[in-house]
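Asks: model this:
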Amino acid sequence: MQNTGQLSRRQILAAAGFIGLATVTGCGGGDDGGDGKDLSKKQDGAMKNYRAGQRFKAARPLSFSVLHNNNPVYPMKDGWLFWKELTKRTGVTLKPVDVPLADYEKKRSVLIGAGDAPFLIPKTYHPSEVAFVSSGAILPVSDYVKLMPNFRDKVRKWKLEPELDSIRQSDGRYYLLPGLHEKPKSGYSLSFRTDVLDRHGLSLPTTWDEVYGVLKALKEEYPGTYPWTDRWSTNTPFPCGALFSYLGQAYGVKAGWSYDNIAFDAEARRFVFNGATDGYRHMIEYLRKVVAEKLLDPESFTQQDEQAVQKLLAEKSFVISANPQELVQNYRYNLEKQVKGATIEMVPVPLGPAGPVVLGGTRLENGVMVSSKALESDHFVAMMQFLDWLWYSDEGQKFCKWGVEGVTYTRSGGRFEPKPGISLMGSDPDAPKDLQKDYGFFNGVFTYGGSWDLVSSSFSPDEKKFQDAMARREELPVDPAHPLQSFEQEQATLWDTPLKDHVVQNTLRFVLGKRPLSQWDDYLAELKSKNMQQLVDLHNKAYERYRKENG
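Replies: Numbering: from 1, shown residues only. Got it, this is the predicted structure:
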């Protein structure tokens, strides 16, 4: 941080007793500390001298309420080994408030608004927590990470301070404890029928120019088909959300599922409107070309996932977006049954003008909010220690993911395997037991983040190959912190939605040829009429303010 010769806002707060806003590294991060409140009367059940790498064990039996996102793939059971073993190890009994996955966000808002939320509120994606800040219903958890040595240790070791700064609010605090990843983890890319490519002397592409070449060659061989059909277009505001996400990455822009109206221009050192950038236009131009030449099925942007997969299985297409699980459990499994000799592979995200990069900010995952009511409890310190152990310690993360060694998994040569007779996400379709359904491990409420060794421990050979290739790429810097004040946030919300809707609608119109790209300037003028510049100015004002106040 630069020495301006003046006290920053954070220094003033520290002098007033808010020592939690002072940090050791950078301009923020995991060493925030505490808010100066006296926690001496909230130590009941806590461990003395609790430290990183040490198992948390409550000094006496405790119980904490937790909001539980009930996934229909593995519906919650009271008899899960997860609950029993957790109590055995830590002395803590979790009391889940069960909410169906489809209603999770709505129910969470209702519970928080009514003051009935459990102490622990996991499975929260930034910036969902922002809606609860002004009411004081959730804690500024950055004030209390001094109680969380494992969290602070990982932030420090993995240099995650910039990512944490990106989720701070206008008061300099963050209100969500996110999942922490050692390395970025990519999820989606293109997959190709490799037996078809081999038949015609084609190689797996490594760039988007090569993708175009492969598609052209396949079109010549199979003129009555669309070589590429795609999916993930329904139940999402951005059709073909996966495709736009990883194609946008090649052009250095956030698109699809990753789309955000506001993006940081590192060269200009200012925020710009994402859907109006040259990179965004170039991405659209690429897709317009492959659609116009009938290389990409235009139904990709409207069809159900099942329709896209059926076209692949019926050999009406040879290229489709994939993630490692779908590749193995759906495409390959069904192709092997229906098409003799069929093989399919997923490639690392093809390279584009941005080079071998992945977008920044992907090392933070959904996380945990803490109800403000928890601070009133005599067990508050113990609860924060427990939270730290379960979600952020190496032992806790391994337990949440794999369970009990010798009971639910075995380990040999550093590799984890479900114990014989136990399946994990289809790894053994004939197994009588399932790690998630029957034991409660690998539950998305508790399992996220961690070291690369742990995250990769469940990878199939295909995913390991894919992730290792992606992990070698450079992670672009995360957008700098620019928290909006509450009244600014309200105004930004009013502008954000209509602007995003206009971007999505016209992105598809341009790609499908329903609007010529010669009208790009008209599109930009329409965005301006919807307060694009005012939104950008608002974020740049917040950026300059935060930078001035925090060095």
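Asks: tell me who's in contact with Leu424.
Replies: Counting by C-beta atoms under 8 Å, 6 or more residues apart in numbering, Leu424 touches Pro418, Asp434, Leu435, Gln436, Phe442, Ser458. Quick note: C-beta positions are derived from backbone N, CA and C, even for glycine.
Asks: quick check: it vs Ser186, distance?
Replies: Leu424 sits 21 Å away from Ser186 when distances are taken as C-beta to C-beta, to the nearest Å.
Asks: please name the nearest non-neighbouring residue to the residue nearest the centre of the chain.
Replies: Central residue of the chain (C-alpha atoms, centre = their mean): Glu365, 4.4 Å from the mean position. Closest residue in space to Glu365, ignoring its immediate chain neighbours: Gly179 at 3.2 Å, by C-beta to C-beta, 6 or more residues apart in numbering.
Asks: so what's that neighbour up against?
Replies: Going by C-beta under 8 Å, 6+ apart, Gly179 touches Leu364, Glu365, Asn366, Gly367, Trp391, Tyr448, Gly449.
Asks: and it, which of the three is it?
Replies: Three-state assignment for Gly179 (DSSP: H, G, I helix; E, B strand; the rest coil): strand.
Asks: report the separation between it and Ser128.
Replies: Gly179 is 14 Å from Ser128, where distance means C-beta to C-beta.
Asks: distance between the lengthiest helix in the chain and the chain's centre?
Replies: Criterion DSSP state H: the longest helix present in the chain is helix 486-511. Chain-centre distance of helix 486-511: 21 Å, with C-alpha atoms, centre = their mean, to the nearest Å.
Asks: buried residues in it?
Replies: Neighbour-count burial for helix 486-511, with 16 or more other C-beta atoms under 10 Å as criterion, is recorded at 488-489, 491-492, 495-496, 499-500, 502-504, 506-508, 510-511.
Asks: same question, stretch 130-148
Replies: Those would be 130, 132-133, 137-148, for stretch 130-148 by 16+ other C-beta under 10 Å.
Asks: quick check: end-to-end length of it?
Replies: Taking C-alpha to C-alpha, to the nearest Å, the first and last residues of stretch 130-148 lie 22 Å apart.
Asks: so how far is that stretch off the chain centroid?
Replies: That offset, for stretch 130-148, works out to 20 Å (C-alpha atoms, centre = their mean).
Asks: what does stretch 281-288 give?
Replies: 25 Å.
Asks: go on, stretch 354-371?
Replies: Using C-alpha atoms, centre = their mean, the offset of stretch 354-371 from its chain centre is 5 Å.
Asks: what is the mean pLDDT for that stretch?
Replies: Averaged over stretch 354-371, pLDDT sits at 88.
Asks: and Gln385, what does it touch?
Replies: Ala46, Met47, Tyr50, Phe56, Leu147, Met148.
Asks: correction: Val66
Replies: Under the criterion of C-beta under 8 Å, 6+ apart, the neighbours of Val66 are Leu94, Lys95, Pro96, Val97, Pro118, Phe119, Leu120, Ile121, Pro122, Val445.
Asks: which of the contacts of Leu424 scores worst on pLDDT?
Replies: Ser458 (86).
Asks: how far away is that one from Phe441?
Replies: 11 Å.
Asks: just the mean pLDDT for stretch 383-393, thanks.
Replies: For stretch 383-393, the mean confidence score works out to 98.
Asks: do stretch 539-547 as well
Replies: 93.
Asks: what does that stretch contact?
Replies: Counting by C-beta under 8 Å, 6+ apart, 168, 170, 262, 270-271, 480-485, 488, 492 sit against stretch 539-547.
Asks: now do the buried residues in that stretch.
Replies: For stretch 539-547, by 16+ other C-beta under 10 Å, it's His539, Asn540, Ala542, Tyr543, Arg545, Tyr546.
Asks: sketch out the helices for the stretch 51-200 of the chain, chain order is fine.
Replies: 81-90, 104-113, 149-157, 161-165, 194-199 (DSSP state H, counting those that start in this stretch).
Asks: over to the stretch 301-450 of the chain?
Replies: 305-313, 324-326, 333-338, 380-392, 394-402.
Asks: check those helices for me and report the most buried one.
Replies: Neighbour counts (mean count of other C-beta atoms under 10 Å) averaged over each of these peak at helix 380-392, with a mean of 26.
Asks: point out where this protein drops to low pLDDT.
Replies: Along the chain, the model assigns pLDDT under 70 to residues 1-37, 360-361, 551.
Asks: in PyMOL, how would I select the buried members of the contacts of stretch 539-547?
Replies: Here is the PyMOL command that picks out the buried ones among the contacts of stretch 539-547, judged by 16+ other C-beta under 10 Å:
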select buried, resi 168+170+262+271+480+481+482+483+484+485+488+492
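Asks: any idea which of the contacts of stretch 539-547 is closest to Glu285?
Replies: Glu285 lies nearest to Ile262 out of those, by C-beta to C-beta, at 22.5 Å.
Asks: gap between Gln310 and Gln304?
Replies: Gln310 is 9 Å from Gln304, by C-beta to C-beta.
Asks: can you give me the end-to-end span of stretch 364-383?
Replies: This stretch, stretch 364-383, spans 22 Å end to end (C-alpha to C-alpha).
Asks: sorry, wrong one. I was asking about stretch 155-163.
Replies: Span of stretch 155-163 from end to end, C-alpha to C-alpha: 9 Å.
Asks: got it, and stretch 471-480?
Replies: Stretch 471-480 has an end-to-end distance of 22 Å (criterion: C-alpha to C-alpha).
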